[in-house]
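Student: please find the sequence and the predicted model below.
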Amino acid sequence: TTAVLGALAAPSFVFAADAAPASDFTASYNVGLFSQYIFRGLTQTNNKPALQGGFDVSHKSGLYIGGWASNVSWLRDNAGTSLAPVYSSGGSLEIDLYGGFKTEVQGIGIDLGALQYYYPGARNVGFDKANTTELYGALSYGWLQAKISGVVSKDAWGFGKKYNATTGGDDERGTYYAELNANIPLADTGITALIHVGRQEFNQAKSSPGNPDASYTDWKVGLTKGFDGGVNVGAFYTDTNISTANAAANWTYANKNIGDSTGTVFVQKTF
């Protein structure tokens, strides 16, 4: 009895393990289902659904890397039409790899980086590579962002030898995309309004006979709603100023102007 009482009366100690130090890295993942894939105002899936997903890894210093992928069809959409498809095989996937540096100075966000667009497959004879490399820079303040992306590869989404202003028609370096984006939160609704306008300018001989201008302007308006658990749903409307003649020469796939006005809905999950 004495031994038992002594044991009960003995002081007890709780040994807490040292807390693990916070990691210098953070990672996030996303997956989404879209009614179609729109890239800079152009449908990439012939108005058909797209499954998309990606990851991002960032360091506390501001450095980051990431990857993203989506199904596409535009590289093969001309099969069976009077126009030859860009790719003879493959051409059903887009893979984007990117890296850069983000920081903030006096409330102004700065984002600098590089992005590689890669489309696995074999291209048809006479077509330029779809693979494209861009450098980009962006400034943001609050819900407003201005961004410019410049091509540093010889080819740009199938344009290269076809159009060029200075090197005899084999180099698309200098092609750029300038854009303004606004993501405006609507009070306490959890809804965000999206407004976008962009200009895609190709490095091409605009004055050469038989070389119509592939450059164009696009815009987008939409709404997104966030829910608990990282789920977002939304819808947006897109359009371009691509004319019928311009589309026939540059932007016709599956007998359609891929820059026509259209609506897109989506659901996305972030982890």
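Tutor: Cool, the structure landed.

Student: run through the residues that contact the closest residue to E104 other than its chain neighbours.
Tutor: The shortest distance from E104 to any non-neighbouring residue, by C-beta to C-beta, 6 or more residues apart in numbering, is to I110 (7.0 Å). C-beta: built from backbone N, CA, C; applies to glycine. The contact partners of I110, taken as C-beta atoms under 8 Å, 6 or more residues apart in numbering, are K102, T103, E104, G137, A138, L139.

Student: redo those residues as TSV? Include distance to H59, pLDDT and secondary structure.
Tutor: Shown next, in TSV, are the contacts of I110 (distance: C-beta to C-beta, whole Å; pLDDT from 0 to 100; DSSP: H, G, I helix; E, B strand; the rest coil):
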residue	distance to H59	pLDDT	secondary structure
K102	10	98	strand
T103	12	98	strand
E104	15	97	strand
G137	19	98	strand
A138	19	98	strand
L139	21	98	strand
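
Student: follow-up on the earlier one: need phi/psi at the residue nearest to E104.
Tutor: Backbone geometry at I110, expressed as degrees, to the nearest 10, gives phi -120, psi 130.

Student: about what we covered before: and which of the contacts of I110 is nearest S261?
Tutor: Checking these against S261 with C-beta to C-beta, the nearest one is A138 at 26.5 Å.

Student: state the distance from the residue nearest to E104 to I195.
Tutor: Going from I110 to I195 by C-beta to C-beta, to the nearest Å gives 22 Å.

Student: and the residue nearest to L75 when sequence neighbours are not counted, how many neighbours does it have?
Tutor: Of all residues not flanking L75 in the chain, G91 sits nearest, at 3.2 Å (C-beta to C-beta, 6+ apart). Number of residues near G91 (other C-beta atoms under 10 Å) recorded here: 23.

Student: all helices for the stretch 1-150 of the chain, in order.
Tutor: 2-9 (DSSP state H, counting those that start in this stretch).

Student: can you map out the strands along it?
Tutor: With strands called from DSSP state E, counting those that start in this stretch, the stretch 1-150 of the chain shows them at 25-34, 38-39, 42-43, 50-59, 63-71, 87-90, 93-105, 108-118, 121-123, 132-141, 144-151.

Student: the fifth one pairs with which strands?
Tutor: Looking back up the chat, that one is strand 63-71. Strand 63-71 has the following strand partners under DSSP bridges: strand 50-59 (antiparallel), strand 93-105 (antiparallel).

Student: now do the shortest one against strand 25-34, angle only.
Tutor: Yep, that's strand 50-59 we're talking about. Interaxial angle, strand 50-59 versus strand 25-34 (axes from the mean of the first three to the mean of the last three C-alpha atoms, to 10 degrees): 170 degrees.
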